[in-house]
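Trainee: coords please:
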Amino acid sequence: LLNTQLQLATGRLINRPSDNAVGASTVSVLDDILERREQRLRNLNHAESVLNTADAALAEANDILMEANSIGLGQIGAGSDAATRANQAQVIDSMLNEMVRIGNSQYQDIYLFGGTRTATTPYLDLLGGIQYQGSGEGLVTDIGLPRSIPITTPGEEAFGSLSARVRGERDLDPTM
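Mentor: Residues are numbered from 1 along each chain as shown. Below you'll find the model as predicted:
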C-alpha cells in the first residue's frame, strides 16, 4: 500500500532502482538520451548566434572592401593629384583599421576569426603592419552530426590573412 501511495504521489512507477532494476536501467538510458538532445539544442542555438555574428561581420567587411575598391578605382587617371591621393590614403588607412576591428570581432568572449585559438586576439599591430595570430580550422561543437563542423572561421579563410607572397623593397637573396 505504501509503494502504491508513493507511486500515486510522485506519478512515477519506479521511484528507486530497487523497485525495478530493468526499468530503472531503461529510464536511466532514456534520461541520458534526453539530456544529450537538450545539450545539442543548446549547442545549435549557440552555434547559430556565433555564425550570425560572424556573418554580420563579414558583410560589414565586404562593404568596406567594396568602398575601398571604388576609392582605388577613382584614383586612377588624370582627375587625381598627389593631395587627393594622400587624403584618400588616410581614408584607406581608417578602413584598414576598421578591418582589423572586424577581424577581432567577438561573441561571448570568443574571437570569431581566430580559428581554434578563440581566446587570443587574432590580429595585432606589429611594426607598422598587422600580424595574424590565429591558427587551426575553427572551434567545433557537438550538434549531433557524425562530422564536426566548425562554428568559428580562421582568418586565412575569411580575410586571406596568410599569403605565400611577401614583397618588400629589399632583395633578401642578393647574388654576387
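Trainee: how much space between Ile76 and Glu48?
Mentor: 43 Å (C-beta to C-beta, to the nearest Å). Where you see a C-beta, it was placed from the backbone N, CA and C, and this is true even at glycine.
Trainee: ok, the two, which is more surrounded?
Mentor: Relative neighbour count places Glu48 above the other of Ile76 and Glu48, with 12 against 8, counting by other C-beta atoms under 10 Å.
Trainee: so which helix or strand takes in that one?
Mentor: Glu48 belongs to helix 21-74 when elements are defined using DSSP states H and E.
Trainee: which other helices and strands contact that helix?
Mentor: Taking 3 or more C-beta pairs under 8 Å, 6 or more residues apart in numbering; DSSP states H and E as contact, the helices and strands that helix 21-74 lies on are helix 82-103, strand 106-107, strand 140-141, helix 155-159.
Trainee: other SSEs contacting the second one?
Mentor: So that's strand 106-107. Helices and strands touching strand 106-107, by 3+ C-beta pairs under 8 Å, 6+ apart, are helix 21-74.
Trainee: so for the helix it packs on, mean pLDDT?
Mentor: The average pLDDT within helix 21-74 is 89.
Trainee: that one to helix 82-103, inter-axis angle?
Mentor: Here helix 21-74 points in a direction 180 degrees away from that of helix 82-103 (axes from the mean of the first three to the mean of the last three C-alpha atoms, to 10 degrees).
Trainee: state the pLDDT value of Arg85.
Mentor: At Arg85, the predicted lDDT confidence score is 81.
Trainee: quick one: contacts for it?
Mentor: Gln75 (C-beta atoms under 8 Å, 6 or more residues apart in numbering).
Trainee: so it versus Met66, what's the distance?
Mentor: To Met66, Arg85 is 20 Å away according to C-beta to C-beta.
Trainee: how about Val50?
Mentor: Summarising the geometry, the distance separating Val50 from Met66, computed by C-beta to C-beta, is 25 Å.
Trainee: higher neighbour count, the two?
Mentor: Val50 (22 against 10).
Trainee: you'd agree that one is up against Ser105?
Mentor: No - with contacts defined as C-beta atoms under 8 Å, Val50 does not count as touching Ser105, sitting 10.3 Å away.
Trainee: between the two, what contacts are shared?
Mentor: When contacts are counted by C-beta under 8 Å, 6+ apart, the set common to Val50 and Ser105 consists of Leu112.
Trainee: so what's the residue count around the nearest residue to Ala54 once chain neighbours are set aside?
Mentor: Setting aside the residues directly before and after it, Ala54 is nearest to Leu112 in space (C-beta to C-beta, 6 or more residues apart in numbering), at 4.6 Å. Under the neighbour criterion other C-beta under 10 Å, Leu112 is assigned a count of 28.
Trainee: got a list of what Leu112 touches?
Mentor: Neighbour list for Leu112: Val50, Thr53, Ala54, Ala57, Ser105, Gln106, Thr152, Thr153 [criterion: C-beta under 8 Å, 6+ apart].
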